[in-house]
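In: show me how the following folds:
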Amino acid sequence: MSRAQSADLKHYGHITINNGTYYTAGEDWNFNWLPDELKAFKQLWVDNQHIDVMTRYLQRTEEEIAVLIMDLGCKGIIKPRPGGVFGGWKANG
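Out: Reported below is the predicted structural model:
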(Lines give C-alpha, C1' and ligand atoms only; values in the text may rest on other atoms or scores of the structure.)
Protein backbone atom coordinates (compact mmCIF):
# COMPACT_ATOMS: atom_id res chain seq x y z
CA MET A 1 0.00 0.00 0.00
CA SER A 2 1.40 3.40 -0.94
CA ARG A 3 1.82 6.25 1.52
CA ALA A 4 -0.98 8.21 -0.18
CA GLN A 5 -3.34 5.23 0.01
CA SER A 6 -2.65 4.65 3.69
CA ALA A 7 -3.20 8.37 4.38
CA ASP A 8 -6.53 8.21 2.55
CA LEU A 9 -7.61 5.22 4.65
CA LYS A 10 -6.52 6.98 7.82
CA HIS A 11 -8.58 10.04 6.89
CA TYR A 12 -11.54 7.89 5.89
CA GLY A 13 -11.52 6.34 9.35
CA HIS A 14 -11.45 9.79 10.93
CA ILE A 15 -14.43 10.88 8.83
CA THR A 16 -16.55 7.88 9.83
CA ILE A 17 -15.60 8.00 13.51
CA ASN A 18 -16.04 11.77 13.92
CA ASN A 19 -19.32 12.22 12.03
CA GLY A 20 -17.66 13.50 8.87
CA THR A 21 -15.84 16.43 10.43
CA TYR A 22 -12.41 17.15 8.98
CA TYR A 23 -10.45 19.99 7.43
CA THR A 24 -9.23 19.97 3.84
CA ALA A 25 -6.39 22.38 3.13
CA GLY A 26 -6.45 24.30 -0.13
CA GLU A 27 -10.05 23.56 -1.11
CA ASP A 28 -10.35 27.01 -2.67
CA TRP A 29 -7.21 26.66 -4.78
CA ASN A 30 -7.04 25.34 -8.32
CA PHE A 31 -4.30 22.74 -8.78
CA ASN A 32 -5.29 21.85 -12.35
CA TRP A 33 -3.02 23.13 -15.10
CA LEU A 34 -3.62 23.13 -18.86
CA PRO A 35 -0.71 22.27 -21.18
CA ASP A 36 -0.32 25.89 -22.36
CA GLU A 37 -0.26 27.10 -18.73
CA LEU A 38 2.46 24.56 -17.87
CA LYS A 39 4.47 25.64 -20.90
CA ALA A 40 4.18 29.31 -19.90
CA PHE A 41 5.10 28.50 -16.28
CA LYS A 42 8.18 26.51 -17.34
CA GLN A 43 9.36 29.40 -19.52
CA LEU A 44 8.85 31.89 -16.68
CA TRP A 45 10.83 29.54 -14.41
CA VAL A 46 13.69 29.23 -16.90
CA ASP A 47 13.63 33.02 -17.43
CA ASN A 48 14.17 33.36 -13.66
CA GLN A 49 10.98 35.39 -13.16
CA HIS A 50 9.79 36.31 -9.66
CA ILE A 51 6.69 34.51 -8.34
CA ASP A 52 4.81 37.86 -8.41
CA VAL A 53 5.38 38.03 -12.17
CA MET A 54 4.12 34.47 -12.49
CA THR A 55 0.93 35.21 -10.52
CA ARG A 56 0.09 38.15 -12.75
CA TYR A 57 0.96 36.42 -16.03
CA LEU A 58 -0.74 33.11 -15.20
CA GLN A 59 -3.57 34.72 -13.21
CA ARG A 60 -3.03 32.26 -10.35
CA THR A 61 -2.45 32.62 -6.63
CA GLU A 62 1.00 32.35 -5.08
CA GLU A 63 -0.19 29.20 -3.32
CA GLU A 64 -1.21 27.51 -6.58
CA ILE A 65 2.13 28.36 -8.17
CA ALA A 66 4.08 27.29 -5.07
CA VAL A 67 2.39 23.88 -5.09
CA LEU A 68 3.15 23.52 -8.81
CA ILE A 69 6.80 24.39 -8.13
CA MET A 70 6.99 21.77 -5.37
CA ASP A 71 5.27 19.14 -7.52
CA LEU A 72 7.42 19.70 -10.61
CA GLY A 73 10.56 20.02 -8.51
CA CYS A 74 9.95 16.73 -6.68
CA LYS A 75 9.39 15.01 -10.02
CA GLY A 76 12.59 16.49 -11.47
CA ILE A 77 10.70 18.36 -14.20
CA ILE A 78 12.12 21.72 -13.09
CA LYS A 79 15.48 22.30 -11.46
CA PRO A 80 16.36 24.52 -8.51
CA ARG A 81 17.37 28.01 -9.55
CA PRO A 82 19.19 30.92 -7.93
CA GLY A 83 16.70 32.85 -5.82
CA GLY A 84 14.13 30.01 -5.76
CA VAL A 85 10.58 31.40 -6.14
CA PHE A 86 12.01 34.92 -6.10
CA GLY A 87 14.10 34.27 -9.20
CA GLY A 88 16.55 37.00 -10.17
CA TRP A 89 14.80 39.64 -8.07
CA LYS A 90 16.94 41.33 -5.45
CA ALA A 91 15.59 43.33 -2.54
CA ASN A 92 16.63 46.96 -2.32
CA GLY A 93 18.64 47.98 0.65
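In: so which bits of stretch 75-93 are buried?
Out: 78, 85, 87 (16 or more other Cβ atoms under 10 Å). Using the backbone N, CA and C atoms, a C-beta is placed for each residue, glycine as well.
In: wait, stretch 26-34
Out: Neighbour-count burial for stretch 26-34 [16+ other Cβ under 10 Å]: residue 33.
In: contacting residues for residue 48?
Out: Residue 48 is in contact with 81, 82, 83, 87, 88, counting by Cβ atoms under 8 Å, 6 or more residues apart in numbering.
In: so what's the backbone phi/psi at residue 68?
Out: phi -60, psi -40 (degrees, to the nearest 10).
In: hang on, it packs against residue 29?
Out: No - using Cβ atoms under 8 Å, residue 68 makes no contact with residue 29, being 10.5 Å away.
In: tell me which element residue 53 falls in.
Out: Assigned by DSSP states H and E, residue 53 belongs to helix 51-58.
In: got the buried residues for that helix?
Out: 51, 54, 58.
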